[in-house]
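J.: Below is the sequence, then the predicted model.
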There are 2 protein chains.
Amino acid sequence: MPELVTLESIQQAATEIQGIAVRTPLLPSPWPDLWLKPETLQPVGAFKIRGAVTAMSRLTPEVRAQGILAHSSGNHAQAVAYAAKVFGIDAHIVVPDNAPVRKIEATRALGATVELVPLTERFSRPAELAASTGKAMIAPFDDANVIAGQGTIGLEIAEDLPDVDVVLVPVSGGGLISGIAAAITALLPNAKVIGVEPELAGDAAASFRSGSRQEWSPHDTARTIADGLRTFAVGHLPWEHIRTQVHDIITVTEDEIAEATQRLLLDARMLAEPSGAVATAAFLFHRSELPPGKTVAIVSGGNIDPAVLKSLVAQI
Amino acid sequence: MPELVTLESIQQAATEIQGIAVRTPLLPSPWPDLWLKPETLQPVGAFKIRGAVTAMSRLTPEVRAQGILAHSSGNHAQAVAYAAKVFGIDAHIVVPDNAPVRKIEATRALGATVELVPLTERFSRPAELAASTGKAMIAPFDDANVIAGQGTIGLEIAEDLPDVDVVLVPVSGGGLISGIAAAITALLPNAKVIGVEPELAGDAAASFRSGSRQEWSPHDTARTIADGLRTFAVGHLPWEHIRTQVHDIITVTEDEIAEATQRLLLDARMLAEPSGAVATAAFLFHRSELPPGKTVAIVSGGNIDPAVLKSLVAQI
């Protein structure tokens, strides 16, 4: 079994990201007993900046100076590009050629080199580049340093609401929930960390119920509106955290995700992407499945597709 | 000349609002040299909570226990209702009977008694109530304690970005800019505080240019989409701050306000009401009129009318 991420590593990450990632506040919400953690406020609009900066700051200066590699079609690409810019190094990002143009352009605007490849080469091409160039790869979630960076969210929650009972976390590759679970387990052992997934991309929930890590077909997970949560399986290191430190994983429907996104916007004045709204959806529509008490929902990102935003706002 | 609000009073306010108002972060924006101060994250969605809590906490316990009065049709009403709920006292809010139903309902939902009166009685009725009941009135802006509360925003900016050059602040009654100017003048005398108003409600800009406080007709100021900035004149105490501590007041057009609201939403992932977007509009469209350097725009509130939101998003 791989070693779980330690509190010490997360505490070190907190100093590494200082001045680059935003120390987000914990906000009382319009709904009694619910607080929101708005990672939408991060540069590039998602929590991913925490892990990317942590991983990058732990490279040796010599390795880092050669520039870094990453593969992603979403928020991780922009986070890596932003962090590389802060460190003054080159970023080479391999992106599947079916990724949204808007996200590709946003990544390029941050100064990264974007290489488009067929979907089938999205993992092999970066590995090939790493071997031929000696550049370091910044993994999206299956990495102890990335998990430590995401875990700084858990430290901040423990500081701002030490009597929290439940922390609701969106789950995709599992880096975010692993870091938060590692921090909360160490600092607030009575609090429960619970994952939330779209029903249509419920591989982590199925894994949790069965007790063994499952992979779903990307064709299936692609059905959800929550485009940041379409990963077909949690990572191997995240799975060890989920298996041992997470209390439960529950799923929400597409309608619930859409309504939670609308209510966050109108009632909490917060622009979330659908992936960022799943934890709030769990609180609003599945409270009976959750332990009672003071609850935090992580609003993990705000990079909503403009067409999706238009459609959701038109229905308000 | 009335006494200006002191740094000491603002520093005391910072301790009085702690745990009730949110200590908002200062966010790097998608636009170089601009940082955003998101007061949209406050409970009730606007900076007004800072002043309301400060004023309420400075009443004697005996006076406060009798409950408080306020008059407002907007964010101040909700801020007073929220603060009264926190203090466990009654709030009686006098609201003109042409106020938006949504705002009246939001104020009632916070537990306040809302009394609707004809527009012509919006000032006389609260005065009458104050005299007959002995309850204290929480003024919206023309009050040293309210100004001290809003000034805590200036303290936070000085702490987060001590080399700031320019602070852009929406102006309506002038309480917000007065508090910020008092704090910034004391802590960062080289930084310039600049007010921003809609051209169609430009009474403060006209006052600033002419050197004497002017009143516009409410009929004229009602023309702007920025419904939080329709006050027909700045308060008397705010005017003394504006006259002596503010570097300039500039105006923005209705189109600029609308576009800034759209860009805050899509590019900065922040829901602002049009009134909250005027400072950002000044940076985006009037940079040549501003001193150069590191600039902060206050995003003062996020209580956008759903119909306005729909219309702005449909045009994206």
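T.: That came through, no problem. Residues are numbered from 1 along each chain as shown, chains lettered A, B, ... in the order given.
J.: Please enumerate the strands of the stretch 51-200 of chain A.
T.: For the stretch 51-200 of chain A, strands defined by DSSP state E, counting those that start in this stretch occupy the ranges A:68-71, A:91-96, A:113-117, A:136-137, A:166-170, A:192-198.
J.: Out of those strands, which is closest to chain B?
T.: Of all those, strand A:166-170 sits nearest to chain B, with 16.2 Å by Cβ to the nearest Cβ. From N, CA and C alone the C-beta is placed, and that goes for glycine too.
J.: if we can go back for a sec, okay if I get the strands of the stretch 51-200 of chain A as CSV plus mean pLDDT and mean neighbour count?
T.: Below are those laid out as CSV (pLDDT from 0 to 100; neighbours: other Cβ atoms under 10 Å in any protein chain shown):
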stretch, mean pLDDT, mean neighbour count
strand A:68-71, 95, 26
strand A:91-96, 93, 23
strand A:113-117, 95, 16
strand A:136-137, 96, 18
strand A:166-170, 98, 28
strand A:192-198, 98, 26
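J.: near chain B, anything from stretch A:292-305?
T.: Yes - Stretch A:292-305 lies within reach of chain B by Cβ under 8 Å from any Cβ of the partner chain, at A:302-304.
J.: Pick out whichever of those sits closest to chain B.
T.: For these, the nearest to chain B is residue A:302 (3.6 Å; Cβ to the nearest Cβ).
J.: Select, out of the strands of the stretch 51-200 of chain A, the one closest to residue A:40.
T.: Proximity of the strands of the stretch 51-200 of chain A to residue A:40 was assessed by Cβ to Cβ; the nearest stretch is strand A:166-170, lying at 12.2 Å.
J.: Excluding covalently adjacent residues, which one is nearest to residue A:215?
T.: residue A:233 (4.0 Å; Cβ to Cβ, 6 or more residues apart in numbering or on different chains).
J.: tell me the SS of that neighbour?
T.: Classification of residue A:233 using DSSP: H, G, I helix; E, B strand; the rest coil returns coil.
J.: so what's it up against?
T.: By Cβ atoms under 8 Å, 6 or more residues apart in numbering or on different chains, residue A:233 lies in contact with A:203-204, A:207, A:213-216.
J.: From those, pick the one nearest residue B:126.
T.: For the contacts of residue A:233, the nearest to residue B:126 is residue A:204 (55.6 Å; Cβ to Cβ).
J.: What does the pLDDT read for the closest one?
T.: Confidence at residue A:204, expressed as pLDDT, is 95.
J.: Can you give me the distance of it to residue A:4?
T.: To residue A:4, residue A:204 is 17 Å away according to Cβ to Cβ, to the nearest Å.
J.: same deal with residue A:162?
T.: For residue A:162 relative to residue A:4 (Cβ to Cβ), the value is 22 Å.
J.: which of the two has more neighbours?
T.: Higher neighbour count among residue A:162 and residue A:4: residue A:4, with 18 against 11, using other Cβ atoms under 10 Å in any protein chain shown.
J.: you'd agree the more buried one is up against residue A:240?
T.: Yes - contact criterion Cβ atoms under 8 Å: residue A:4 and residue A:240 qualify, at 6.2 Å.
J.: What's the local residue count around residue A:294?
T.: By other Cβ under 10 Å, 16 other residues sit near residue A:294.
J.: can you list the residues of chain A near chain B?
T.: Contact residues, chain A versus chain B (Cβ under 8 Å from any Cβ): A:22-25, A:27-28, A:38, A:40-41, A:43, A:45, A:265-266, A:269-271, A:302-304, A:306, A:309-310, A:313-314, A:316.
J.: Now restrict the residues you listed to buried residues only.
T.: A:22-25, A:27-28, A:38, A:40-41, A:43, A:45, A:265-266, A:269-271, A:302-304, A:309-310, A:313 (16 or more other Cβ atoms under 10 Å in any protein chain shown).
J.: Let me know the secondary structure of residue A:298.
T.: Under three-state DSSP, residue A:298 comes out as strand.
J.: My read is that it contacts residue A:176, right?
T.: Yes - contact criterion Cβ under 8 Å: residue A:298 and residue A:176 qualify, at 7.1 Å.
J.: and chain A, what are its domains?
T.: Following automatic domain parsing, one gets these domains for chain A: A:7-42+A:143-314, A:50-137.
J.: Mean neighbour count, the ones you listed: which tops it?
T.: Comparing the domains of chain A on average neighbours per residue, with mean count of other Cβ atoms under 10 Å in any protein chain shown, the densest one is domain A:7-42+A:143-314 at a mean of 22.
J.: Give me the distance between the two termini of it.
T.: 45 Å (Cα to Cα, to the nearest Å).
J.: tell me the mean pLDDT for the longest helix that chain A contains?
T.: If you go by DSSP state H, chain A has its longest helix at helix A:144-160. Mean per-residue pLDDT for helix A:144-160: 98.
J.: which stretch in the domains of chain A is the model least sure about?
T.: Minimum mean pLDDT among the domains of chain A: domain A:50-137, a mean of 92.
J.: Quick one: the helices in the stretch 101-250 of chain A, in order.
T.: Ranges of helices in the stretch 101-250 of chain A, per DSSP state H, counting those that start in this stretch, are A:101-109, A:124-133, A:144-160, A:175-187, A:203-210, A:218-221, A:236-245.
J.: Could you point out which of those sits nearest residue B:93?
T.: Nearest of the helices of the stretch 101-250 of chain A to residue B:93, taken as Cβ to Cβ: helix A:144-160 at 30.5 Å.
J.: Which elements pack onto that closest one?
T.: Judged by 3 or more Cβ pairs under 8 Å, 6 or more residues apart in numbering or on different chains; DSSP states H and E, helix A:144-160 is in contact with helix A:7-17, strand A:34-38, helix A:48-57, helix A:175-187, helix A:236-245.
J.: tell me the angle the longest one makes with helix A:203-210.
T.: Spelled out, that is helix A:175-187. Angle, helix A:175-187 to helix A:203-210, by axes from the mean of the first three to the mean of the last three Cα atoms, to 10 degrees: 50 degrees.
J.: so how far is helix A:175-187 off the chain centroid?
T.: 13 Å (Cα atoms, centre = their mean, to the nearest Å).
J.: Could you do the second one as well?
T.: Relative to the chain's own centre, strand A:34-38 is displaced by 15 Å; criterion: Cα atoms, centre = their mean.
J.: which residues touch the spatially closest residue to residue A:140 that is not a sequence neighbour?
T.: Nearest residue to residue A:140, sequence neighbours excluded (Cβ to Cβ, 6+ apart): residue A:76, at 4.3 Å. By Cβ under 8 Å, 6+ apart, residue A:76 lies in contact with A:48, A:52, A:70, A:140.
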